[in-house]
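Participant: Below are the sequence and a predicted model for it; my questions follow.
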There are 2 protein chains.
Amino acid sequence: MKYKEQDLLDSLKEETILEQLSALSGWDALTGMPQDSGHFRSEVDAYLAEKQFLVATQTKRRDMLAYFDDRLNELSDLGREIFPKVKKAYERFAVLPQKDYVDFNKTMSLAQNYWAQARQENQYAIFEPYLKQLIQYEKQFIPLWQKDEKTPYDVLLNQYEPGLTVEKLDQVFDTLKKGIMTLRKKIMTSDVEIDVSFLQRHITKKDQKQYALNAVQRLGYNLDKGRLDDTIHPFMEALNRDDARITTRWAENQAQMAILGIFHEAGHGLFEQNVNSKYDWVRAVLPISMSIHESQSLFNEVMIGRTRAFWRIEYPKIQKDFHGIWDDITFDQFYAAWMKTEATLIRTEADPLTYPLHIIIRYEIEKAIFNDHLDVKKIPELWREKYQEYLGLEVPDDLTGVLQDIHWAGGSFGYFPSYALGHLYAAQFYHAMSQQMDFQAIFESGDYEPIFSWRAQHIWQFGGAKDPADILKEATGEQLNPQYWLDFMNKIYTDIYQIGDN
Amino acid sequence: MKYKEQDLLDSLKEETILEQLSALSGWDALTGMPQDSGHFRSEVDAYLAEKQFLVATQTKRRDMLAYFDDRLNELSDLGREIFPKVKKAYERFAVLPQKDYVDFNKTMSLAQNYWAQARQENQYAIFEPYLKQLIQYEKQFIPLWQKDEKTPYDVLLNQYEPGLTVEKLDQVFDTLKKGIMTLRKKIMTSDVEIDVSFLQRHITKKDQKQYALNAVQRLGYNLDKGRLDDTIHPFMEALNRDDARITTRWAENQAQMAILGIFHEAGHGLFEQNVNSKYDWVRAVLPISMSIHESQSLFNEVMIGRTRAFWRIEYPKIQKDFHGIWDDITFDQFYAAWMKTEATLIRTEADPLTYPLHIIIRYEIEKAIFNDHLDVKKIPELWREKYQEYLGLEVPDDLTGVLQDIHWAGGSFGYFPSYALGHLYAAQFYHAMSQQMDFQAIFESGDYEPIFSWRAQHIWQFGGAKDPADILKEATGEQLNPQYWLDFMNKIYTDIYQIGDN
């Protein structure tokens, strides 16, 4: 059988359309879909997953791959660029039995509903049977995916970050844990008293929204290609580069939460909005690696949203948008409170310094589930033990414990470590950029365009067409170096807590 | 080839799933989809339309229909009940060339974007080329659908109301026009002065929402199976019986608009939420006739939302929810203002008495387009002439003229008359119900359940499985009789304007 490139592109377009529909359905389910309709939606989601599976694994796709494998010269530049990704995606899906994959997706849809219910009732047991089923599916799929990975959990890590292993990650997390612990101990010796009480002052959702949406637009997030909605667990969902939606959670006595949350999700949105248009209809086979995606949300949230230079310029703007409620607070008081580090029960409320500890806990639990057969019933117990050990915190209930994240309900295992890698990448990008531009001068000018352009040129345009390690290497001139993140944190916190640097 | 009923049901389920996805996409496109993403969405919508077309017209569907046509005994009760509808739907689609149908849907998606743009620029010319294309498609399709209908426009009417003809409708509309004109002339002789200025007092969206959502819930609209969003042109979109979404337009100095709009859309929502669950996955072939659907939205809006007995009970509630802004207004003052009849430019803002004139204008224009080859360029001119003639109004621009309705942009021609039929049906149902229940006593009790139950039992449960004429006959004991509507209007307006009845 003879094929044309257009045959392949048509097939990728269908897959991409189905993915856009799944994205719309997923966004809708988490932003206000009527609660009784979950049972209908799970059938619809299963249908979409089945169709996408069929398109991605059908005999025709296999035949086209075989055909072009020997005839790369018959493909355009774009065709040759994406061909290896199409192959990789094919192999990822093709090994799964169709029925299991469809059932897995149906279970996932149900699991998300029951996760939400379990949260309402504050009872892990409601969610547990569905989590267990999802894990069983994953365990069933892992041997089908496994190539030369050493452990089952390596297989899952690899799906989000090519080449990542438990062995490497154990080392990286060990370095991080030690570095964080050392710094936290020093901070505890500080005499600096930080008053954060004004951060709890009542600020309406409307005022918070006014400031945060303007701020992320100054950073380049485009509301003609996005929107902001309310949800329980904030996320960004991109249907396409012209439709990258962000969501947030609001509390009128915790303005910092929504503001940094919106900075974070808008960072994801910026990435999606600026992917090269040539990839528009092949995006289904070019997923953006989670680590590099997270590096951009965290760049917004931490490298910008937690630095003195940025807030020195933005603070008067926030004071104005909040109608003077912080007029009695000096900039130094504001910035110290904004940066105060303190262990929290909720990952998404964690400050940048303690955040990686939340990830390390989840990493260790996932490792125990997939490599050491941890009983799903015992997850809350292990969760409590680790929060006590690493963060010194008593976990009072499931809602503030194991039920806080949607990830597992969404079938994402091996995903959490990407958040930590995202932190490390973000710091390394920031270091490279600061060699080439003066952040302080840019913030003072009020025109953040150079930051936008650098990120668009060096990172966003490639979408998922380039591996994260290559993006990092070409943008920063070196391999991953976790020291940049530790340096960044040491600099910030020795400043705030007036402690000697080393 | 031998088939099982399950084969047919599977195929109808796929079609229904695709329809639910189209509904979600359509709702999303009109409630906040980022504006730049229309070009992506039109590809997605075209894909869904193509898939649905394929499922509904594929050889397998034809073969199954042929198979069961001779073997109805192999079908369950449900199968036998819906079989004629499946056949009818097959024939409706099967005659269309697939490519044209897909292109038509793509054009429709674009037309909706350009309609919105044309509204922003207040310029019909922006929308006109797309409207022209849609009409050309319809004209191309009509001969393919035509059986024994006498004129092309009869074919379109028939799609929304089985058996309806231009001949009949000319008569009905003639009766209506005369009846309305006679009553309006009498009203003009009335000495009653109605002050409506307090209806323009500033009432926040939040307060309007508070009252209107509570009121429609008292009428049975279930927010666990629905939601309320903002849009330009209010509509109800049902993905399924557990997800019937309503939308409205707000103006803080015109509370009546959103309240009656929400009553109206919630009437549609009530219908959808209470269709028998046995039809869940065959709904794609059981569309609810527009006239009967409208009879339920209008029942809410007019038979309830415009009657003295209802408002006598609800007025204190609205006064409370509006924080006393109408405390200086007596009930009689309120009800007179609520009911004041006056010609308006905008159909959706029309009072019940003048409303049918808006429909008659659209009916006559559509008839001219399809039966008399009216040039699409000349529609605004004809529009202006008729508004002058029937309503005595000067149409100042396209926004308040021909661009006010989304229907044509959505490819709905022959749909408008259903609104008028809906009025007539609603009045006839109301008459039949008032023979069996005491509306006044029900409103006074505060428990509107008997009204809900009667409608659910006699109308809603059947969904689109029963033809509207049959529903009407069985529920009211007689054929369509337009006199009930004229009687209702005469009673209401002779009361308000204190004019002798006849």
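Facilitator: Nice, thanks for sending it over.

Participant: For stretch A:328-340, list every residue counted as buried.
Facilitator: A:329, A:334-340 (16 or more other CB atoms under 10 Å in any protein chain shown). Every residue, glycine included, has its C-beta placed from N, CA and C.

Participant: The stretch 151-300 of chain A against chain B: which residues are in contact?
Facilitator: On the criterion CB under 8 Å from any CB of the partner chain, chain B has as its neighbours in the stretch 151-300 of chain A the residues A:222-227, A:239-240, A:242-245, A:280.

Participant: Show the buried residues in those residues.
Facilitator: A:222-223, A:225-227, A:239-240, A:242-245, A:280.

Participant: Distance to B:Gln112, secondary structure and pLDDT added to these, as a markdown table?
Facilitator: Supplementary listing: those in a markdown table, determined by distance: CB to CB, whole Å; DSSP: H, G, I helix; E, B strand; the rest coil; pLDDT from 0 to 100:
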| residue | distance to B:Gln112 | secondary structure | pLDDT |
| --- | --- | --- | --- |
| A:Asn222 | 22 | coil | 98 |
| A:Leu223 | 20 | helix | 98 |
| A:Lys225 | 19 | helix | 98 |
| A:Gly226 | 20 | coil | 98 |
| A:Arg227 | 18 | coil | 98 |
| A:Leu239 | 17 | strand | 98 |
| A:Asn240 | 18 | strand | 98 |
| A:Asp242 | 16 | coil | 98 |
| A:Asp243 | 16 | strand | 98 |
| A:Ala244 | 22 | strand | 98 |
| A:Arg245 | 20 | strand | 98 |
| A:Asp280 | 21 | coil | 98 |
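
Participant: A:His407: which of those is nearest?
Facilitator: A:Arg245 (18.6 Å; CB to CB).

Participant: The closest one and A:Asn300, how far apart?
Facilitator: 16 Å (CB to CB, to the nearest Å).

Participant: show me what contacts A:Ile383?
Facilitator: Small correction: residue A:383 is Trp, not Ile. Shown in contact with A:Trp383 (CB atoms under 8 Å, 6 or more residues apart in numbering or on different chains): A:361, A:365, A:395, A:401-402.

Participant: Just the element for it, please.
Facilitator: helix A:379-391 (DSSP states H and E).

Participant: Please state the offset of that helix from the chain centre?
Facilitator: Its chain's C-alpha centre and that of helix A:379-391 lie 23 Å apart, by CA atoms, centre = their mean, to the nearest Å.

Participant: Was I right to think A:Leu164 contacts A:Leu157?
Facilitator: Yes - counting by CB atoms under 8 Å, A:Leu164 does reach A:Leu157; the two are 4.5 Å apart.

Participant: between those two, who's got more neighbours?
Facilitator: The neighbour comparison of A:Leu164 against A:Leu157 (other CB atoms under 10 Å in any protein chain shown) goes to A:Leu157, with 27 against 24.

Participant: which residues touch the residue of the stretch 251-400 of chain A found nearest chain B?
Facilitator: Chain B sits closest to A:Asp280 of the stretch 251-400 of chain A, with a gap of 7.6 Å, by CB to the nearest CB. By CB under 8 Å, 6+ apart, the residues touching A:Asp280 are A:16, A:240-241, B:40.

Participant: same thing with A:Glu364?
Facilitator: So A:Glu364 contacts A:Lys386 (CB under 8 Å, 6+ apart).

Participant: Sketch out the low-pLDDT regions of chain A for me.
Facilitator: Applying pLDDT under 70 to chain A flags the ranges A:501-502.

Participant: so how far is chain B from the residue lying closest to A:Glu449 once chain neighbours are set aside?
Facilitator: The shortest distance from A:Glu449 to any non-neighbouring residue, by CB to CB, 6 or more residues apart in numbering or on different chains, is to A:Gly220 (7.8 Å). Plainly put, A:Gly220 is 14 Å away from chain B if you go by CB to the nearest CB, to the nearest Å.

Participant: Tell me who's in contact with A:Gly220.
Facilitator: A:Gly220 touches A:270, A:274, A:448-449, A:451-452, A:456, counting by CB under 8 Å, 6+ apart.

Participant: can you check A:Leu75 too?
Facilitator: By CB under 8 Å, 6+ apart, A:Leu75 lies in contact with A:5, A:68, A:83.

Participant: separation between A:Val166 and chain B?
Facilitator: 39 Å.

Participant: before we move on, the earlier item: can you pull the buried residues of the helix holding A:Trp383?
Facilitator: Applying 16+ other CB under 10 Å to helix A:379-391 flags A:379-380, A:382-384, A:386-387, A:390-391 as buried.
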